[in-house]
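A.B. asks: My questions concern the predicted model and sequence given below.
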Amino acid sequence: MDLPTSKTAPAWRLRVELDDSPGALARITIRLAERDCNVLALAVIPVPGGVLDELVVRAAPDVLPADLVEAVRAEGGRCAGITAADVRDLVDAPTAALRAARDAARDPGAVVEALRAVLAADSVEVAPSAEEEPESGHRVVLTTGEGVVLVARRGWAPFTGVEVARARALVDLLVDTGGPARLPVAALSDDGAALVLRLGRPVDEDAVADLHARCSMPTLFSRYHSGMRSVPRRWLHRLLSPPRGSTLLAQCADRVVGMGQLIRTAEPGCAEVSLLVEDAWQRRGVGTALLAALAGAARGAGYREMVAWCLPTESGLVRAAARVGLPTSLRREDGLLRVGITPTAEPLRVPVRRQDAETAPLSDVR
């Protein structure tokens, strides 16, 4: 059964707490029916002291989320959360978890997206272990045991113990089977050089400074849109630990040869993406590998679009997106080229190896 795609027939996912009394749920469904709402799916989630009833409801065109909450309250229930629903919410939780495990095992960049699906989370991000956050009802921290910390967040409803246990089981499965949860990930350049994609950390300041020193002024100008011969030392910490995003490094042997960033913007569902590859490594697939990894990170974090600002004569980012298989849109704004990139869920066409790399933890390759 497919959910309607028309904007006049929205679907909503509700979590409802009810008193343990006969007919309570039936009364709510009757009240929803009186408002021309159709219950498409129902699940019962065990919680301490009782259960949560989760309903996927197709609402009448004139019914607002507040109306659904009012209907629940009118029958003595409490709406623990409500969010927009899609077709994935019609799949039962065990089936969704199995599919997520399959996808994560197949695609080294899909582990975060798989966790987001299993947890119905708003976002899942990869963070260094040093930045591990305490858990709360709306935030869960998962550790792979390989130095990688995954932080899941959900605003529309608190995570339940059953959901968290399911997510931990998924991570454990991927670790035990040597799947993509064992980070970092190794990739190959076009000419066969071995690369490691990993998370940038404060200890990489010297390596990133050396990367910038090896870049020509035109390369630095393309990245920062200002004339500079080297990156100021005071920038390095922010480059490696951006407060609203993450930095991914491409390393060959002991040298960092490229870096990419994904930074949340003020526009909902949008993140800014940027790449820097030293001159000697350009046109060898390094930027393509970085962009593929950042697109996986964007999918896992729930972004619908990545945006880059390029000089009008630049085409490298557009070529990299085409190689990865990511749709792009172009338009001129304020003398720059705005490149919009859609982080699709299709498999990314980048040669990636699943074996472990003996370096620091991978960043948001998700």
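C.D. replies: Arrived safely, thanks for sending. Numbering: from 1, shown residues only.
A.B. asks: What sits closest to Glu54 if chain neighbours are left out?
C.D. replies: Leaving aside its sequence neighbours, Glu54 sits nearest to Ala43 (Cβ to Cβ, 6 or more residues apart in numbering; 4.5 Å). For every residue, glycine as well, the C-beta is placed using N, CA and C.
A.B. asks: wait, Ala71
C.D. replies: Closest residue to Ala71 apart from its sequence neighbours, by Cβ to Cβ, 6+ apart: Arg31 at 4.7 Å.
A.B. asks: tell me which residues of the helix or strand hosting that neighbour are tucked away?
C.D. replies: If you go by DSSP states H and E, Arg31 is part of helix 24-34. By neighbour count on 16 or more other Cβ atoms under 10 Å, the buried set for helix 24-34 is Leu25, Arg27, Ile28, Thr29, Arg31, Leu32.
A.B. asks: quick one, what contacts the first one?
C.D. replies: Spelled out, that is Leu25. Residues in contact with Leu25 (Cβ atoms under 8 Å, 6 or more residues apart in numbering) are Val16, Leu18, Asp53.
A.B. asks: 7 Å instead?
C.D. replies: Contacts for Leu25 (Cβ atoms under 7 Å, 6 or more residues apart in numbering) come out as Leu18, Asp53.
A.B. asks: Please tell me how far it sits from Leu42.
C.D. replies: 8 Å (Cβ to Cβ, to the nearest Å).
A.B. asks: who touches both of the two?
C.D. replies: Asp53.
A.B. asks: Closest to Cys310 out of the buried residues of helix 24-34?
C.D. replies: Looking at these and their distance to Cys310, the nearest is Leu32, at 49.5 Å (Cβ to Cβ).
A.B. asks: Please tell me how far the residue nearest to that closest one when sequence neighbours are not counted sits from Ala33.
C.D. replies: Leaving out its chain neighbours, the residue that sits closest to Leu32 by Cβ to Cβ, 6+ apart is Ala71, at 5.7 Å. Ala71 sits 10 Å away from Ala33, going by Cβ to Cβ.
A.B. asks: Ok, Ser329 next?
C.D. replies: Going from Ser329 to Ala33 by Cβ to Cβ gives 42 Å.
A.B. asks: Which parts of the protein belong to which domain?
C.D. replies: 11-89, 93-176, 185-353 (automatic domain parsing).
A.B. asks: Make CSV from the ones you listed and add mean pLDDT to it.
C.D. replies: As requested, the domains of the chain are exported to CSV (pLDDT from 0 to 100):
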stretch, mean pLDDT
domain 11-89, 83
domain 93-176, 76
domain 185-353, 88
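A.B. asks: Is it correct that Arg139 is in contact with Arg154?
C.D. replies: No. Contact criterion Cβ atoms under 7 Å: Arg139 and Arg154 do not qualify, at 8.0 Å.
A.B. asks: between the two, who's got more neighbours?
C.D. replies: Arg154 (21 against 16; other Cβ atoms under 10 Å).
A.B. asks: check contacts around the more buried one.
C.D. replies: Leu119, Ala120, Ala121, Asp122, His138.
A.B. asks: now the nearest residue to Gly155 once chain neighbours are set aside: how far from Val151?
C.D. replies: Counting by Cβ to Cβ, 6+ apart, Asp122 is the residue found nearest to Gly155 once chain neighbours are left out, at 5.6 Å. Applying Cβ to Cβ, the value for Asp122 to Val151 is 11 Å.
A.B. asks: I appreciate the help and will end here.
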